[in-house]
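Asker: what follows is a protein structure lacking sequence information:
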């Protein structure tokens with residue numbers, strides 16, 4: 001889900017609500033013209049339900065941009081705009097400075113009212129450009145996330161020339177009936193990074209509210225291995241606040257996006273070194289599926305802390321997977337609980353598939369055999385660990401331990417860490433030893449765990 005700000009004053013009145021909305025948004029959102037309300041407040045609600053924020057005048061748009069820009073992923077701007085809505089007192093401060101600085105409004109003139117109306121008429125013609133300059137120059141909003149959509153753009157030659165004089169690239173202006181508008185809106189609303197960021201932010205806000213209102217508990221302090229006082233609900237709130245800040249509204253390159261993802265994953269898993277997911281010295285024991293979640297997150301924490309090449313090729317699917325299992329591992333949730341953020345994030349992981357138990361058995365065996373053959377190429381002393389209590393060397397047996405031995409020996413290629421993490425999840429959940437024991441509750445029920453495994457299958461054994 002992505003959020004679009006549409007700034008449109010419907011200059012031709014209520015008769016233009018349906019045709020204008022249909023021209024600009026109908027194709028992208030797939031609704032019929034006759035579904036569109038013909039009253040402005042109903043139209044606002046109709047669009048809000050589809051993640052479109054409607055602003056019908058300059059002041060309203062300026063206030064939304066000032067207060068809620070982090071909630072917005074793309075903007076469609078009209079150029080010729082009404083400046084002020086029905087509430088003059090609250091709207092006027094948003095236009096006063098621009099009227100006086102750029103449009104010769106003089107509140108001390110002999111005829112201040114005439115001066116105001118003259119300035120108002122001038123600014124109205126180019127109001128959308130004022131918003132554009134504020135967004136791009138003052139707030140760093142990416143220009144390719146802003147679309148001018150106006151039927152009067154060809155009448156503003158002098159304004160467009162001013163961009164040349166300022167050494168700024170001219171923005172394109174498309175007519176509202178241009179079919180490219182629908183394609184542009186659809187591309188913004190369907191962008192994987194944008195959807196991932198929006199759902200991460202919404203999920204973090206949702207979990208913060210639940211924590212603060214006692215609707216869930218931060219259970220990580222009670223997990224095996226975590227010492228008294230190491231983690232508190234303050235740490236949970238801090239993590240949920242921080243994760244939102246780590247997802248910028250836009251990334252300018254594939255490399256920047258991957259760096260964002262790696263930092264996000266590292267921060268997400270930063271405290272999981274405290275957890276004894278193997279149940280070595282802990283009671284009560286950690287049980288699946290939380291044990292499988294923990295196995296993945298402990299490896300994310302350790303790999304990103306000790307290897308700069310680990311998790312440098314994460315995709316939206318990888319981050320959605322890690323984020324979901326972290327939430328379900330850290331916070332009290334019933335397996336049957338359907339969170340609003342679960343399904344959209346799973347969609348980014350992959351489509352649900354019907355699972356074939358025989359094929360899954362073959363996949364388990366094949367991946368265990370593959371990793372074992374590679375692992376056997378390590379020197380004997382790197383194929384296990386020394387038991388701290390007995391001092392004896394113990395050979396690694398499980399899939400996750402053998403993968404970890406390869407990682408410590410720097411034998412995992414760039415991009416391989418992400419694949420192995422998915423496989424660690426599967427093996428820890430169903431097959432910690434070389435014997436296939438599928439837990440049917442993770443396959444056959446309509447709950448979070450079953451849905452996750454069915455979405456993860458295609459990329460789990462790639």
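Answerer: Sure, I can see it. Since this is a predicted model, take the numbers as computed values, not measurements.
Asker: residues contacting residue 347?
Answerer: residue 455 (C-beta atoms under 8 Å, 6 or more residues apart in numbering). Placement of C-beta: from N, CA and C, glycine included.
Asker: measure it to residue 135 for me?
Answerer: Distance from residue 347 to residue 135, counting by C-beta to C-beta, to the nearest Å: 29 Å.
Asker: quick one, grab the pLDDT at the closest residue to residue 69 other than its chain neighbours.
Answerer: With C-beta to C-beta, 6 or more residues apart in numbering as the criterion, residue 69 has its nearest non-adjacent residue at 6.3 Å, and that residue is residue 139. Looking at residue 139, its pLDDT is 92.
Asker: now the end-to-end length of stretch 400-419.
Answerer: 12 Å (C-alpha to C-alpha, to the nearest Å).
Asker: mind listing what's buried in it?
Answerer: 400-408, 412, 416-419 (16 or more other C-beta atoms under 10 Å).
Asker: list the contacts of that stretch.
Answerer: With C-beta under 8 Å, 6+ apart, stretch 400-419 has contacts from 295, 299, 302-303, 307, 309-315, 318, 371-372, 374-375, 378, 382-385, 396, 420, 423-424, 427-428, 432, 459, 462.
Asker: how about 7 Å then?
Answerer: Outside of stretch 400-419, the residues within contact range by C-beta atoms under 7 Å, 6 or more residues apart in numbering are 295, 299, 303, 307, 309-314, 318, 371-372, 374-375, 378, 382-383, 396, 420, 424, 427-428, 462.
Asker: hmm, back to that, how much space separates the residue nearest to residue 69 from residue 415?
Answerer: 35 Å.
Asker: likewise residue 42?
Answerer: From residue 42 to residue 415 the distance is 49 Å (C-beta to C-beta).
Asker: quick one on the thing from earlier: give me the buried entries from the contacts of stretch 400-419.
Answerer: With neighbours counted by 16+ other C-beta under 10 Å, the contacts of stretch 400-419 contain buried members at 295, 299, 303, 309-314, 318, 371, 375, 378, 383, 396, 420, 424, 427-428.
Asker: next helix or strand past the helix or strand of the chain with the lowest mean pLDDT?
Answerer: In the chain, no helix or strand scores lower on mean pLDDT, DSSP states H and E than helix 157-165, which sits at a mean of 67. Downstream of helix 157-165, the first helix or strand assigned by DSSP states H and E is strand 173-174.
Asker: centre of the chain to that following strand, how far?
Answerer: 29 Å (C-alpha atoms, centre = their mean, to the nearest Å).
Asker: which residues are contacting it?
Answerer: With C-beta under 7 Å, 6+ apart, strand 173-174 has contacts from 147-150, 153, 180-181.
Asker: in JSON lines: those residues, plus neighbour count, distance to residue 35 and secondary structure.
Answerer: Below are these laid out as JSON lines (neighbours: other C-beta atoms under 10 Å; distance: C-beta to C-beta, whole Å; DSSP: H, G, I helix; E, B strand; the rest coil):
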{"residue": "147", "neighbour count": "22", "distance to residue 35": "23", "secondary structure": "strand"}
{"residue": "148", "neighbour count": "19", "distance to residue 35": "26", "secondary structure": "strand"}
{"residue": "149", "neighbour count": "27", "distance to residue 35": "20", "secondary structure": "strand"}
{"residue": "150", "neighbour count": "21", "distance to residue 35": "24", "secondary structure": "coil"}
{"residue": "153", "neighbour count": "20", "distance to residue 35": "28", "secondary structure": "helix"}
{"residue": "180", "neighbour count": "12", "distance to residue 35": "23", "secondary structure": "helix"}
{"residue": "181", "neighbour count": "21", "distance to residue 35": "18", "secondary structure": "helix"}
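Asker: sec struct for residue 9, please.
Answerer: Secondary structure, DSSP: H, G, I helix; E, B strand; the rest coil: residue 9 is coil.
Asker: tell me the contacts of it?
Answerer: 56-57, 78, 81-82 are the contacts of residue 9 under C-beta under 7 Å, 6+ apart.
Asker: all helices for the stretch 201-350 of the chain, in order.
Answerer: 233-245, 254-268, 290-306, 316-330, 342-349 (DSSP state H, counting those that start in this stretch).
Asker: including distance to residue 143 and mean pLDDT, could the ones you listed go into TSV?
Answerer: Listed next are the helices of the stretch 201-350 of the chain as TSV, based on distance: least, C-beta to C-beta, whole Å; pLDDT from 0 to 100:
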stretch	distance to residue 143	mean pLDDT
helix 233-245	23	97
helix 254-268	17	97
helix 290-306	33	96
helix 316-330	23	97
helix 342-349	26	94
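Asker: mind putting those helices in JSON lines, distance to residue 92 included?
Answerer: Shown next, in JSON lines, are these (distance: least, C-beta to C-beta, whole Å):
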{"stretch": "helix 233-245", "distance to residue 92": "33"}
{"stretch": "helix 254-268", "distance to residue 92": "40"}
{"stretch": "helix 290-306", "distance to residue 92": "51"}
{"stretch": "helix 316-330", "distance to residue 92": "43"}
{"stretch": "helix 342-349", "distance to residue 92": "40"}
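Asker: would you list every one of the strands in the stretch 51-200 of the chain?
Answerer: 52-55, 74-77, 146-149, 173-174 (DSSP state E, counting those that start in this stretch).
Asker: the domain parsing of this structure - what is it?
Answerer: Residue ranges for the domains of the chain, per automatic domain parsing: 4-190, 192-460.
Asker: ok, residue 428 - contacts?
Answerer: Contacts of residue 428 (C-beta under 7 Å, 6+ apart): 291-292, 295, 400.
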